[in-house]
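Trainee: generate a structure from the sequence data that follows.
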Amino acid sequence: MKTEDNMAQKSAGGGFAPAVQPTASTTIFTESPDIQFGETSVPSQGENMPAFFAKPKGAEGPLPVVLVVQEIFGVHEHIRDICRRLALEGYLAVAPELYFREGDPNEYTDIPTLFKELVSKVPDTQVLADLDHAANWAARNGGDIRRMGITGFCWGGRISWLYAAHNPQLRAAVAWYGRVMGDKTMKQQKHPIDIAVDLSAPVLGLYGGQDESIPLESVEQMRQAIHAANAKAEIIVYPEAGHAFNADYRPSYHAESAKDGWTRMLAWFKQYGVAPSA
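Mentor: The predicted structure follows:
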């Protein structure tokens, strides 16, 4: 694993969404001869959905699967690197482009416009169905969906909570700083706090105590909803971290919290049966 002082030079503009340029000096790029990765296409709801995958090179037998859900910026370089890191841990990681019908996040140069003109137009029901098809793709390409987990970041953190109440085959979920409550729309009719009683997979929520976009009061309300529902879920709050603390390509990166969150994620997957064979 490398940290590049100028990741943008290494990746020809970085492969990062324009809305987050310039990237930070802490940007991590994972390289290893032990993994295979690249672009693929996932048949979904009558269309071909672009996706990125990574897996151990030359691995025998079905691999445990992790669906990786993008931030609002789409499947840019950070999400691809998350997939590569998971491949080094022995997983088949798949990150589908969940906005592909509505538009391209690379066409937006600022976050508010990206959210207003693209992200807000993506229906949750469509996203959950696309993730089902990504799981089916994994099952046809060397994955064992009896050992399937999901993880997501920011926008994808919220989706990870929802997917844990959607797919009964899912074994575990890890949601990084995903919003748990908010205004409801025709596209987003429920939030994680509304589906706490429906969770069928254990969820680990990872949050920053300094996150100005996700008030701690809402995180505590989610804790209470989980407790009331007697759901298998746990929420960790890192007091010194803000939003997007795992986003090593951004100034928000908090290395200590990110490292601990990653360790907890892998342990959570292992605890609930989403782990490579010994």
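
Trainee: show residues contacting whichever strand or helix holds Gln224.
Mentor: Element membership for Gln224 (DSSP states H and E) is helix 216-229. The contact list for helix 216-229 (C-beta atoms under 8 Å, 6 or more residues apart in numbering) reads 179-181, 192-193, 196-197, 199, 205, 207, 209, 233, 235, 237. All C-beta atoms are positioned from the backbone trio N, CA, C, and that covers glycine.

Trainee: chain center to it, what's the gap?
Mentor: 21 Å (C-alpha atoms, centre = their mean, to the nearest Å).

Trainee: before we move on, back to that, top of the contacts of helix 216-229 by number of neighbours, please.
Mentor: Neighbour counts for the contacts of helix 216-229 (other C-beta atoms under 10 Å) peak at Pro192, which has 28 neighbours.

Trainee: and the closest residue to that one other than its chain neighbours, which of the three is it?
Mentor: Once flanking residues are discounted, Pro192 sits nearest to Trp161: 3.6 Å by C-beta to C-beta, 6 or more residues apart in numbering. Secondary structure, DSSP: H, G, I helix; E, B strand; the rest coil: Trp161 is helix.

Trainee: roughly how far apart are Trp161 and Gln21?
Mentor: Noted for Trp161: a distance of 29 Å to Gln21, by C-beta to C-beta, to the nearest Å.

Trainee: how about Gly273?
Mentor: 40 Å.

Trainee: do Ala59 as well
Mentor: If you measure Ala59 against Gln21 using C-beta to C-beta, the figure is 35 Å.

Trainee: the more surrounded of those two?
Mentor: Comparing Ala59 with Gln21 by other C-beta under 10 Å, the one with more neighbours is Ala59, at 18 against 12.

Trainee: can you name the next helix or strand after the helix or strand of the chain with the lowest mean pLDDT?
Mentor: Scoring the helices and strands of the chain by mean pLDDT, DSSP states H and E places helix 7-10 at the bottom, with a mean of 33. Using DSSP H and E, the helix or strand that directly follows helix 7-10 along the chain is strand 28-29.

Trainee: packing partners for that next one?
Mentor: Of the remaining helices and strands, those touching strand 28-29 by 3 or more C-beta pairs under 8 Å, 6 or more residues apart in numbering; DSSP states H and E are strand 2-3, helix 77-88.

Trainee: averaged pLDDT, the first one. What do you get?
Mentor: Here strand 2-3 scores 40 as its mean pLDDT.

Trainee: endpoints of stretch 189-204, how far apart?
Mentor: End-to-end distance for stretch 189-204: 22 Å, by C-alpha to C-alpha, to the nearest Å.

Trainee: where do the helices sit along the stretch 151-278 of the chain?
Mentor: In the stretch 151-278 of the chain, the helices defined using DSSP state H, counting those that start in this stretch lie at 155-164, 216-229, 255-271.

Trainee: can you tell me which residues contact Gly152?
Mentor: Gly152 touches 68-70, 158-160, 175-176, 178, counting by C-beta under 8 Å, 6+ apart.
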